[in-house]
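K.L.:
Predicted model follows, preceded by the sequence.
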Amino acid sequence: MLRILHQLWRVGVATEPPPATDAAALEALGLELHRAIEARFRHSLAIRVVDAGSCNGCELEIHALANPYYDIERFGVSFVASPRHADALLVTGPVSRHMETALRRTWRAMSAPKFVIAAGQCACGGGEFGGSYASCGAVEKVLPVDVKIPGCPPSPEDLMRGLLAALRVDETTVSESCGESA
């Protein structure tokens, strides 16, 4: 125990530097997002996040949106546990065969108007494991996707821009499904 304490005292605090972002640009993006939410949903945007088989890199960036640095709730965005309370479905990862039914049920449980956002390279195009026998691939093969946010993983700013783009997109047609029709 003393060895560990001595090493901590010798090395000190070793953390990463904060992200290099422009606070004014982030605030402007947030206010633009808030205006779009007010125009379409009147008060707030409720998002249900579903990990359909990802490595959790995208989830870490999504969770960063709720930390004090980004604090996306001040712009009217909240994450909800129930699809019945959600306006948007944010999906990460390639859709594994085991998650296909759960993802469809989640989407069906949402009330209209609803939209689907594919976040991350795996959700957009299937990624490394999208062509596997255990995966359906990209989210658009299972559900109609309104907006794709590329990146591995996408940054919190990219996620905010994707939410803003989703609020501006009209309804799209249902994509081909993996196995059965959506």
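P.N.:
Structure's in. What do you need?
K.L.:
ok, for residue 84, nearest residue in space, not its chain neighbours?
P.N.:
Among residues not flanking residue 84 along the chain, residue 109 sits closest, at 5.5 Å (CB to CB, 6 or more residues apart in numbering). Every C-beta, even on glycine, is put in place using the N, C-alpha and C of the backbone.
K.L.:
so what's the backbone phi/psi at that neighbour?
P.N.:
Backbone torsions for residue 109, taken as degrees, to the nearest 10, come to phi -70, psi -20.
K.L.:
gap between it and residue 83?
P.N.:
4 Å (CB to CB, to the nearest Å).
K.L.:
hmm, back to that, what distance do you get for the residue nearest to residue 84 to residue 33?
P.N.:
25 Å.
K.L.:
Those two - which one has more neighbours?
P.N.:
Per other CB atoms under 10 Å, whichever of residue 109 and residue 33 has more neighbours is residue 33, with 20 against 15.
K.L.:
Which elements pack onto the helix or strand containing the more buried one?
P.N.:
If you go by DSSP states H and E, residue 33 is part of helix 23-41. Contacts defined by 3 or more CB pairs under 8 Å, 6 or more residues apart in numbering; DSSP states H and E place helix 23-41 against helix 156-168.
K.L.:
quick one on the thing from earlier: now the element after the helix holding residue 33, going C-ward?
P.N.:
Helix 23-41 is succeeded, C-terminally, by strand 45-51 (DSSP H and E).
K.L.:
on that earlier part again, and the angle for the helix holding residue 33 with helix 156-168?
P.N.:
30 degrees (axes from the mean of the first three to the mean of the last three CA atoms, to 10 degrees).
K.L.:
Tell me which residues of helix 23-41 come out buried.
P.N.:
Within helix 23-41, the residues that count as buried by 16 or more other CB atoms under 10 Å are 26, 29-30, 33-34, 36-37.
K.L.:
Can you lay out those as a markdown table showing pLDDT?
P.N.:
What follows is the buried residues of helix 23-41, written out as a markdown table (pLDDT from 0 to 100):
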| residue | pLDDT |
| --- | --- |
| 26 | 89 |
| 29 | 91 |
| 30 | 91 |
| 33 | 91 |
| 34 | 91 |
| 36 | 90 |
| 37 | 90 |
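K.L.:
Go ahead and name everything in contact with stretch 149-162.
P.N.:
19, 21, 26, 29-30, 33, 57-58, 60-62, 64-65, 70, 72, 117-122, 124, 127, 147-148 (CB atoms under 8 Å, 6 or more residues apart in numbering).
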